[in-house]
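>>> after the sequence you'll find the predicted model.
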Amino acid sequence: MTTQPSRQLESFDNPNPERDYCIRMRLPEFTCLCPKTGQPDFGTLYLEYVPDAHCLELKALKLYIWSFRDEGHFHEAVTNRMLDDFVAAVAPRFMRLTAVFNVRGGVYTHVTAEHRAPGWNGTLPPAAWHDDPNANAVPGRG
């Protein structure tokens, strides 16, 4: 059976909801199409969040990311849409999505969108993208 792209995000119960801790994910295979030219856009997504009651399930996240491959999206719009969908799926205390797109027309684009739950005053631990050779390309890293 073939796995198909899907916009259905899934979650699981946070195993430590009493504690603020940060989950970081690097998704280096994001693709969508340029809405002007139809050519593919490639990017790496950096997702950081402090969960509340629920965490994002990874296979569903992968299929969600895959679902954008054949659609035209401006970088700014798709980054904000994904953040909104992630927040709707798990209602985190804090979430930040940074999309680092490969060069297009001589221009590199980085888009960062954030969410903070009302009343959450926690702090994030220092950046920790140890295994990513491109980590210094993300503002605030390195």
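Yep, that arrived.
>>> count the neighbours of Ala89 for me.
19 (other Cβ atoms under 10 Å). (Each C-beta comes from the backbone N, C-alpha and C, glycine too.)
>>> for it, what is the enclosing helix or strand?
Assigning secondary structure by DSSP states H and E places Ala89 in helix 75-90.
>>> which outside residues touch that helix?
7, 9-11, 32, 41, 43, 45, 47, 49, 51-56, 64, 68, 73, 92, 95, 97-99, 101, 109, 111-115 (Cβ atoms under 8 Å, 6 or more residues apart in numbering).
>>> please repeat the previous calculation with a cut-off of 6 Å.
By Cβ atoms under 6 Å, 6 or more residues apart in numbering, the residues outside helix 75-90 that reach it are 9, 11, 32, 54, 56, 95, 97, 99, 101, 109, 111, 113, 115.
>>> what sits against the second one?
With contacts taken as Cβ under 6 Å, 6+ apart, Ser11 has the following neighbours: His54, Glu57, Ala89, Val90.
>>> and if we set it to 10 Å?
Pro51, Ala53, His54, Cys55, Leu56, Glu57, Ala60, Leu61, Phe86, Ala89, Val90, Ala91 (Cβ atoms under 10 Å, 6 or more residues apart in numbering).
>>> now, of the residues you listed, which are buried?
Buried subset of those (neighbour count, 16 or more other Cβ atoms under 10 Å): Pro51, His54, Cys55, Leu56, Glu57, Ala60, Leu61, Phe86, Ala89, Val90.
>>> looking at the nearest residue to the last one once chain neighbours are set aside now. What's its pLDDT?
Computed as Cβ to Cβ, 6 or more residues apart in numbering, the closest residue to Val90 that is not its neighbour in sequence is His54, at 4.3 Å. Here, the pLDDT recorded for His54 equals 98.
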